[in-house]
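Participant: below are the sequence and a predicted model for it; my questions follow.
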Amino acid sequence: MRAILAVLLLSLSLAACAPKTETHPDFSGWWRWDSPDDGTPPSPFINGPYIGVTAARVALVKDAFAKQKLPDLADLGIDQVKAACQVPVFAGFNGGFGDMVEYLFTPGRLTITNESGMIRRVAMDGSKLPAKVEESHMGTSVGHWEGDTLVVETGGVSEKGDFGKGAQFVERFTLVKPDQMQIRIQIVAPTVLKEPHDWTLTYFRSPGHVFQESTSCVDHDPSFNAKGRQELDLTPPPDIPPPPKD
Amino acid sequence: MFDMKNATSIGGRVAKLEWVNPHISLWLYVPKPAQKGQYDLWRFQSDNPGMALTHGWTKDTLKISEPITIYYFPLNNRQHGGYLIRIVRADGKELIGDPDAPGVAHELAKTHSLPKKRT
């Protein structure tokens, strides 16, 4: 009995001395953005105080969707096949429309990735966002927890991104339900937005989802011809079964 | 590429479901008018496999030779293809296409097929 008591006391004292590990909300699995599903343009940032060229471009997109008449982007000089394989640039949206999003936590680091090739490296080591950083496609990000809310600050995103040179992003990730994530994002973009603007995005965890491959950059997209113009390839696959006999 | 103002429908038998990115493709054998036993092969696109899963599809959802009716946006050039809006199976059950694709949500709303938003 005395020996058991000694072991118990030792265990309790060891437990008391062990460093306390913080527990944070469970962000595991793949997440899908809750798009409007109502015929409006599927972009979380379609409504905002845009200025200049961006304002005109957003108006064109809204009009095209309202009329249900989308242009062939080849007519605007855009090579869509090539564009699908370009290195992604962070523009406030982690994905989740046609490409689900994953959050990977490792000591001192968070990696946010999606199925179309985006990889954001977020320092979670207590460091602060430097006042000046070298520009890059994903920018420079630091994150920390404020209670159960993950806060990620990003700057130094390449001006190739939708929000232009000098854009700053602050994202606040919160699980409002076990499988529902809310992201409140504030974007400061002096060349694109009239004033700083806040958006709220909702994501749902997609149980059982398994990553297979890039959803956008593929070897052969049958939606385009050899010249990069929209044309559905109607060549039957070689393994197509024969037609019904009855 | 697709005529989103003139949704239409067509019946046929499933030839193959290509479960690939960036769009799944459903191939359908459609009987030739007035030519018994002869078929045309049509191709219909929808969203990518990951998104299709969230709309109730799997790569095994449809069986080869299964009779179905497809509601779709035709190709502008009126060749044998289109963009899938929804499928009605022989038992009356439906499979929907991608509500995020231009025009699809409008068409689904007309038949109350639009999925309810999660809360």
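Facilitator: Received, thanks. For clarity, every value in this text was computed on a predicted model and none was experimentally measured.
Participant: so how far is residue B:59 from residue B:78?
Facilitator: 29 Å (Cβ to Cβ, to the nearest Å). Bear in mind the C-beta positions are built from the backbone N, C-alpha and C, glycine included.
Participant: who's more crowded, the two?
Facilitator: Just comparing residue B:78 and residue B:59: by other Cβ atoms under 10 Å in any protein chain shown the higher neighbour count belongs to residue B:59, 13 against 10.
Participant: which non-adjacent residue is nearest that one?
Facilitator: Of all residues not flanking residue B:59 in the chain, residue B:19 sits nearest, at 3.9 Å (Cβ to Cβ, 6 or more residues apart in numbering or on different chains).
Participant: for the most centrally placed residue in chain A, which residues are in contact?
Facilitator: Taking Cα atoms, centre = their mean as the criterion, residue A:94 is the residue nearest the geometric centre of chain A, at 1.0 Å. Counting by Cβ atoms under 8 Å, 6 or more residues apart in numbering or on different chains, residue A:94 touches A:101, A:112, A:114, A:118, A:120, A:183.
Participant: hmm, back to that, neighbours of the residue nearest to residue B:59, how many?
Facilitator: Applying other Cβ under 10 Å, we find 17 residues neighbouring residue B:19.
Participant: you'd agree it is up against residue B:50?
Facilitator: No: between residue B:19 and residue B:50 there is no contact under Cβ atoms under 8 Å: 10.5 Å.
Participant: hmm, back to that, pick the one among the contacts of residue A:94 closest to residue B:93.
Facilitator: In terms of Cβ to Cβ, no member of those lies closer to residue B:93 than residue A:101, at 31.0 Å.
Participant: which residues touch that closest one?
Facilitator: Going by Cβ under 8 Å, 6+ apart, residue A:101 touches A:30, A:31, A:32, A:33, A:94, A:95, A:112, A:113, A:114, A:203.
Participant: can you redo these as JSON lines with pLDDT?
Facilitator: JSON lines is the format used below for the contacts of residue A:101 (pLDDT from 0 to 100):
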{"residue": "A:30", "pLDDT": "93"}
{"residue": "A:31", "pLDDT": "93"}
{"residue": "A:32", "pLDDT": "90"}
{"residue": "A:33", "pLDDT": "90"}
{"residue": "A:94", "pLDDT": "95"}
{"residue": "A:95", "pLDDT": "88"}
{"residue": "A:112", "pLDDT": "98"}
{"residue": "A:113", "pLDDT": "96"}
{"residue": "A:114", "pLDDT": "94"}
{"residue": "A:203", "pLDDT": "94"}
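Participant: tell me the most packed of those, by neighbour count.
Facilitator: Among these, residue A:31 has the most neighbours (other Cβ under 10 Å), with 27 neighbours.
Participant: contact partners for that residue?
Facilitator: If a contact means Cβ under 8 Å, 6+ apart, then residue A:31 has A:96, A:100, A:101, A:102, A:103, A:181, A:203, A:204, A:205, A:206 as its contacts.
Participant: got a winner among those for most neighbours?
Facilitator: residue A:100 (28 neighbours).
Participant: residue A:32 against residue A:207, yeah?
Facilitator: No: when contacts are counted by Cβ under 8 Å, residue A:32 is not listed as touching residue A:207 (10.7 Å).
Participant: residue contacts, the closest residue to residue A:185 other than its chain neighbours?
Facilitator: Leaving aside its sequence neighbours, residue A:185 sits nearest to residue A:171 (Cβ to Cβ, 6+ apart; 4.8 Å). By Cβ under 8 Å, 6+ apart, the residues touching residue A:171 are A:150, A:151, A:152, A:154, A:183, A:184, A:185.
Participant: correct me if wrong, but residue A:171 is in a helix.
Facilitator: No: using DSSP: H, G, I helix; E, B strand; the rest coil, the assignment for residue A:171 is strand, not a helix.
Participant: report the separation between the residue nearest to the spatial centre of chain B and residue A:149.
Facilitator: Taking Cα atoms, centre = their mean, the centroid of chain B lies closest to residue B:84, which sits 3.4 Å from it. Remark: distance between residue B:84 and residue A:149 (Cβ to Cβ) = 40 Å.
Participant: ok so, going back, among the contacts of residue A:101, find me the one that's closest to chain B.
Facilitator: Using Cβ to the nearest Cβ, residue A:32 comes nearest to chain B of the contacts of residue A:101, at 6.2 Å.
Participant: name the helix or strand for that closest one, please.
Facilitator: Using DSSP states H and E, residue A:32 sits within strand A:30-33.
Participant: what lies in contact with the helix or strand where residue A:61 lies?
Facilitator: Assessed by DSSP H and E, residue A:61 sits inside helix A:52-66. Here helix A:52-66 makes contact (Cβ under 8 Å, 6+ apart) with A:39-41, A:43, A:46, A:48, A:50, A:70-71, A:162, A:164, A:191-192, B:102.
Participant: tell me the buried residues in it?
Facilitator: Using 16 or more other Cβ atoms under 10 Å in any protein chain shown as the test for burial, helix A:52-66 gives A:54, A:58, A:65.
Participant: ok, the second one to residue A:176 distance?
Facilitator: It stands for residue A:58. Going from residue A:58 to residue A:176 by Cβ to Cβ gives 28 Å.
Participant: one more: the last one?
Facilitator: Residue A:65 sits 28 Å away from residue A:176, going by Cβ to Cβ.
Participant: what's the first helix or strand after the helix or strand containing residue A:111?
Facilitator: Using DSSP H and E, the element containing residue A:111 is strand A:109-114. Toward the C-terminus, strand A:109-114 is succeeded by strand A:119-123 as the next helix or strand (DSSP H and E).
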